[in-house]
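**Q** just a sequence and a predicted model for now, questions to come.
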Amino acid sequence: MVVAAPAVRNPTPPFSTDEDGYMTCENVRIRDIQNDMDTSPMYIYSKEQLVNNYKAYEEALKGLPSIIGYAIKANNNLRIVEILKDLGSGAVLVSGNELRVAVKAGMDMTKTVFNGNGKTYQELLYAVKCGCLINIDSEFDLEHIVDAAKEVKKTANVLIRINPNVDPEVHPYVSTGLAGSKFGIRNSHLKWFLERIKEEDVLSLVGVHCHLGSTIKKVDIFKDAAEIMLGFINDIRSEGFDTLKYLNIGGGLGIDYERIGEHIPRPIDLINTIRPQLTEAGLTIIVEPGRSMVGNIAVFVSEVIGVKTSGSKNFIVTDGSMAELIRPSLYDAYQFICLTQPGGSIETFDIVGPVCESADFLGKNRTMPTPVEGSGLAVMDAGAYCYVMASNYNMKPRPAEILVDGDEWRIIRRAETFDDMMSLYDR
Ligand SMILES: Cc1ncc(COP(=O)(O)O)c(C=O)c1O
Ligand SMILES: N[C@@H](CCCC[NH3+])C(=O)O
């Protein structure tokens, strides 16, 4: 049998392969973590990559007054959010509980934006009390914010989320800035919103916001949106609003899931493309990166239960599944998969989990070394929209999350247990 190293395609530190063919995260062998852990599967994060990603945004925004508002929805692990807060990040939230995470992490509320098309009244009361920025998404949302601000007896600093009708050229499920989207207000209604805001002393209009979608690979799309937003800023100013402070251009930058060396724009490419518009706006720029901040900081690591051939197809069956990582099943999303240790001959496999659904796959038609039972398998770029979308389907507990920092690693959130799931019953 041929013994091959794990196929980490385009290994980019901190994830790499050592001379013995074991996958590493920073200075730690992933297999060693797997051997020491009582539970599998798990998420393993690199602190170094997280810090580098934040610094890439910081560097890109140099010279522009700006706020980096990390989109907590991408990964809400408190320890990850705390690291970002310590680096100077603010946050973007879509629920009261995400706001609670930001508060727990000690985030600066003046750098925090509460966004969303369905904020409840209770959530708005909490947001006004916290003093974060709040996006207006619709007529009813505006009325709810007014009521909440009056009840709390505090001014709400609001931004209007505008739907610029720009096509981000991404999967329809992650496209948000097109005319048919449920998010934001349309151009034709802007006047009504401005009139209504003028009538209410409890509202201070401090900015405008747009967000086009996620996994965007063409930065010119942001340029179109920035131009449109400049138009809105001028319209708003000409209506007598002199309180505008922020232009929020949202998040949405894609990452290199394929790992084939394709040029995916970096934060600097994004900001440089729209720098003239940002400068012309003369406002503090808010960016809301989720995926491009945390996507490549993690691998989802599982263990092989067995390998089988059915008809002409080979399957690797692992203890990781769509319950812990649903992106491939939900969007047909591609994430690179490799072994965390040396394997055998190179074959083509579908990589599937134990969940009772044919949609339960992590990857299809993957050519890679043949594992043995117990081999470790890593799905790369699993830091964004992976753990956060995990479920208990088939009574699978949510996995542990581990943070690697140089030579050290620690569990930053333990795995759920059967008892955790049982603890929610009335008796
Ligand atoms: C309003 C808003 N801001 C920021 C984000 C983060 O997007 P991404 O993870 O693509 O950077 C999202 C998610 O798409 C969003 O809806
Ligand atoms: N859940 C999506 C991203 C949603 C972006 C939030 N609006 C994904 O995994 O790619």
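**A** Perfect, I can see it now. Ligands and ions are numbered 1, 2, ... in the order given.
**Q** does stretch 286-303 reach ligand 2?
**A** No - applying C-beta under 6 Å from any ligand atom, one finds stretch 286-303 separated from ligand 2 by no less than 6.6 Å. (Glycine included, C-beta is placed from N, CA and C.)
**Q** report the distance from that stretch to the chain centre.
**A** Chain-centre distance of stretch 286-303: 6 Å, with C-alpha atoms, centre = their mean, to the nearest Å.
**Q** how far away is whatever residue of the chain ends up closest to ligand 2 from residue 45?
**A** As assessed by C-beta to the nearest ligand atom, ligand 2 sits closest to residue 385 within the chain, at 3.1 Å. Distance from residue 385 to residue 45, counting by C-beta to C-beta, to the nearest Å: 14 Å.
**Q** the two: which is more packed in?
**A** residue 45 (28 against 24; other C-beta atoms under 10 Å).
**Q** return the set of buried residues in the longest strand seen in the chain.
**A** Taking DSSP state E as the criterion, the chain has its longest strand at strand 298-310. The neighbour-count check on strand 298-310 (16 or more other C-beta atoms under 10 Å) flags 298, 299, 300, 301, 302, 303, 304, 305, 307 as buried.
**Q** then stretch 373-382?
**A** 375, 376, 377, 378, 379, 380, 381, 382.
**Q** ok, now stretch 387-398?
**A** For stretch 387-398, using 16+ other C-beta under 10 Å, the buried residues are 387, 388, 390, 396, 397, 398.
**Q** identify the residues contacting the spatially most central residue of the chain.
**A** In the chain, the residue lying closest to the centroid (C-alpha atoms, centre = their mean) is residue 74, at 2.4 Å. Going by C-beta atoms under 8 Å, 6 or more residues apart in numbering, residue 74 touches 290, 291, 293, 294, 295, 383, 384, 385, 388.
**Q** just among the residues you listed, which is most surrounded?
**A** Counting by other C-beta under 10 Å, top hit in the contacts of residue 74: residue 294 with 31 neighbours.
**Q** sec struct for that residue, please.
**A** helix (DSSP: H, G, I helix; E, B strand; the rest coil).
**Q** skipping its backbone neighbours, what lies nearest it in space?
**A** Counting by C-beta to C-beta, 6 or more residues apart in numbering, residue 294 lies nearest to residue 383, which is 4.0 Å off, once chain neighbours are set aside.
**Q** do the same with residue 239
**A** Take residue 239 and drop its neighbours on the chain: the residue closest to it by C-beta to C-beta, 6+ apart is residue 194, 5.0 Å away.
**Q** does the one you found touch residue 237 like I think?
**A** No - contact criterion C-beta atoms under 8 Å: residue 194 and residue 237 do not qualify, at 10.6 Å.
**Q** give me the more crowded residue out of those two.
**A** Between residue 194 and residue 237, counting by other C-beta under 10 Å, residue 194 is the more crowded of the two (16 against 12).
**Q** hang on, the more buried one is in a helix, isn't it?
**A** Yes - Residue 194 sits within a helix when classified using three-state DSSP.
**Q** and of the buried residues of stretch 373-382, the nearest to residue 350?
**A** residue 377 (12.6 Å; C-beta to C-beta).
**Q** now for residue 407: which residues touch it?
**A** Residue 407 touches 26, 27, 28, counting by C-beta under 8 Å, 6+ apart.
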